[in-house]
Structures are given as C-alpha cells and as structure tokens.
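[1] Quick one: sequence and predicted model below, then my questions.
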Amino acid sequence: MQQTDYRKKTWSCCDGFGNLDLDKVDVSFLMGTSQFIDLKDVNIYVTIICIFLTPVFWNVIARWEFYTKKLSTLFGSPFKGCVALALPILFLVCLRDIQYETTLKSQPKWETLEAMPISKTAASVLLAIGMTLVIWSFWTLGFTGTFFGDYFGILLDKKVTKFPFNIPHDPMYLGSTLNWLGLAIWHASPIGFVLTLLVWTSYQIALTYERPFTDEVYRKKRLRNDRKKDS
C-alpha cells in the first residue's frame, strides 16, 4: 500500500503564505481608532477591573454572610456586620468612580461632541437625573436596605415597590449608569461610552443574582406573616 506523506502535504498547502507581503496589508481602519481611544493607556484596563470586581465583591461577601453568618458573629450583631460590609463597598465604589474620571481625563476627546453647545447641558441633565435616582433610592431603602441588610436578616416591613423602585430597572444602578454616561459626555470621551456600557453590563449581571434572592426572601417573609395571621 502506498504511504502518503501528510507532513509534506501540510507544508505544501501553506507554501503560498510565504508570498504574502504584510507591509502591504491595509490596517488604516485600526490606526483611526487611536484618534478616539488610546488602547495603550493602562487606566482603561484598571477601570475595567474595578467595574467588574466591585459587584463581584459585594455579591460574594453578602452570599457568604447569608449562609455562614460570619460577619454578624464576628462584629457582634447583624447591623454591625452590615456596616462592616458597607465600608469596603463604599471604598471600592469610590475607587472605581475616581479611576473612571482619571481614565476620561487621560484619553483623547471627541472634538465633534466637545464642540456641541448642547453637550454640557445634556451631561448636566443626565448627572442630575442619575444623582436623584441614587439619592432617592438610598433614602427609600435606608442604610441596611442599600447595603444588603436582607442578607443579614435585616428586612424591611415589605419589599419596596414605590417610586423609584417601580421603574423597570433598578433605580440605583440606573442612576449610577446615567452618572457615568453624563461624565462621558461632559468630558467628550469616546472611551467613556464604552466603559458606561460595561458598567451597565456589570449591573445587569449582578441583578441576575440579587433580584431573585430579594424576591425569595420577601416571599418567605410574607408567607410567615400569613401563617401568623391564620394562627
């Protein structure tokens, strides 16, 4: 039986690539990107890490507390444990937001957007709406409601459904996203739009874990209350 030399065939099939002149490859479309986004800027990647690390941290630690009660035990009560979780969350959120602004300032600007007279006004409106949603959400939920008190067994009388929690998306996350979008427009920063999309994505991923948990916790509380009424 005749033996086939596959190695020779493999090499022969690729011989044609030796005639390629890579110097003639048109990569101008990539060069144009640098006018709007400096991909060599390390601030971009630090910001992306902060964007996804922050919600991962608070969800992992909150779930750990729910199943183990370690923070409540360590600090002496569920409330003190909740405060202990809130402090690093605030630190990470502030660090993330500061890093975001640092990135916006270090990146190229979109001159067309910067030249638009309405851009600053639009940015201010978005920032105003965003801050209103964040502050109103905090005021409605209170400290423990905002910082995962339900994972510590600290529940409100019932799940909050009034404004701003009757809008389709989580108002605190929506408000935060609008703040990022407002800053992106204010600084006329193309990378700001990309990072805003990423922070919105990180919030949506977080909600796939947080929303069902909250719904289940308050469903069980409602059932317990119903049993008490019947007994």
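    The structure has been received and is ready for your questions.
[2] what number of residues lie near A184?
    The criterion is other C-beta atoms under 10 Å. On that basis, A184 has 24 neighbouring residues. Every C-beta, even on glycine, is put in place using the N, C-alpha and C of the backbone.
[3] so which strand or helix has the closest residue to it other than its chain neighbours?
    Excluding the flanking residues, the one nearest A184 by C-beta to C-beta, 6 or more residues apart in numbering is G192, at 2.6 Å. Secondary structure here is read from DSSP states H and E; on that basis G192 sits in helix 190-230.
[4] From the chain's centre, how far out is that helix? Work that out for me.
    Chain-centre distance of helix 190-230: 14 Å, with C-alpha atoms, centre = their mean, to the nearest Å.
[5] Stretch 107-116 now?
    Once both centres are worked out by C-alpha atoms, centre = their mean, stretch 107-116 turns out to sit 25 Å from its chain's centre.
[6] Tell me which residues are up against that stretch.
    Outside of stretch 107-116, the residues within contact range by C-beta atoms under 8 Å, 6 or more residues apart in numbering are 34-38, 41, 43-44, 119, 185, 187-192.
[7] what's the first-to-last distance across it?
    Stretch 107-116 stretches 19 Å from its first residue to its last (C-alpha to C-alpha, to the nearest Å).
[8] my guess is Y100 contacts T196, does it?
    No - with contacts defined as C-beta atoms under 8 Å, Y100 does not count as touching T196, sitting 9.0 Å away.
[9] and for these two, which residues touch both?
    Contact criterion C-beta under 8 Å, 6+ apart; residues bridging Y100 and T196 by contacting each: W180.
[10] Let me know the average pLDDT across stretch 189-198.
    Taken as a whole, stretch 189-198 has a mean pLDDT of 96.
[11] List the buried residues in that stretch.
    S189, P190, I191, G192, F193, V194, L195, T196 (16 or more other C-beta atoms under 10 Å).
[12] and if you look at stretch 36-50?
    By neighbour count, and taking 16+ other C-beta under 10 Å as the criterion, the buried residues in stretch 36-50 are F36, I37, D41, N43, I44, V46, T47, I48, C50.
[13] With that, I have no additional questions.
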